[in-house]
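In: Got a sequence here, can you build the structure:
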Amino acid sequence: MRQIGFPGYSRHGLRKNAVNRLLEAGCATAQVAAVTGQTLQMVEHYAAQVNQARLADEAIRKLIENEGSR
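Out: Residues are numbered from 1 along each chain as shown. As a prediction, the model looks like this:
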């Protein structure tokens, strides 16, 4: 990536970021696999990480809301 003016970036990292953003936008894993050319198994691996982060965010949000109602 250095040759095209993006030092510090890798194709792998950029593709992973694209997968995560598509998943966060609500795309189905099959759709993401079609866009990125990755296997469904690899996309599902990333989806588990995205889902875990989403669940954690929701849990913290509920905790904050609950604390505010006390």
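In: What strand or helix carries residue 34?
Out: Here residue 34 sits within helix 29-36, counting by DSSP states H and E.
In: Counting by contacts, list what that helix packs against.
Out: With contacts defined as 3 or more C-beta pairs under 8 Å, 6 or more residues apart in numbering; DSSP states H and E, helix 29-36 has these neighbours: helix 11-24, helix 40-68. C-betas here are computed from N, CA, C, even on glycine.
In: Now do it against helix 40-68, angle only.
Out: Calculated by axes from the mean of the first three to the mean of the last three C-alpha atoms, to 10 degrees, helix 29-36 forms an angle of 120 degrees with helix 40-68.
In: roughly how far apart are the residue at minimal distance from the centre of the chain and residue 69?
Out: Ranked by distance to the mean C-alpha position of the chain (C-alpha atoms, centre = their mean), the top residue is residue 20 at 2.3 Å. Remark: distance between residue 20 and residue 69 (C-beta to C-beta, to the nearest Å) = 33 Å.
In: go on, residue 48?
Out: Distance, residue 48 to residue 69, by C-beta to C-beta: 32 Å.
In: out of these two, which sits in the busier spot?
Out: Between residue 48 and residue 69, counted using other C-beta atoms under 10 Å, the more crowded position is residue 48 (11 against 5).
In: who's in contact with that one?
Out: Contacts of residue 48 were listed using C-beta atoms under 8 Å, 6 or more residues apart in numbering, and none were found.
In: Most tightly packed of the helices and strands packed on helix 29-36?
Out: Each of those was scored by mean neighbour count; the highest is helix 11-24, a mean of 14, by mean count of other C-beta atoms under 10 Å.
In: I figured residue 10 hits residue 16, correct?
Out: No. In this structure residue 10 lies outside contact range of residue 16 using C-beta atoms under 8 Å: 9.1 Å.
In: Ends of stretch 35-42, what's the gap?
Out: Stretch 35-42 has an end-to-end distance of 13 Å (C-alpha to C-alpha, to the nearest Å).
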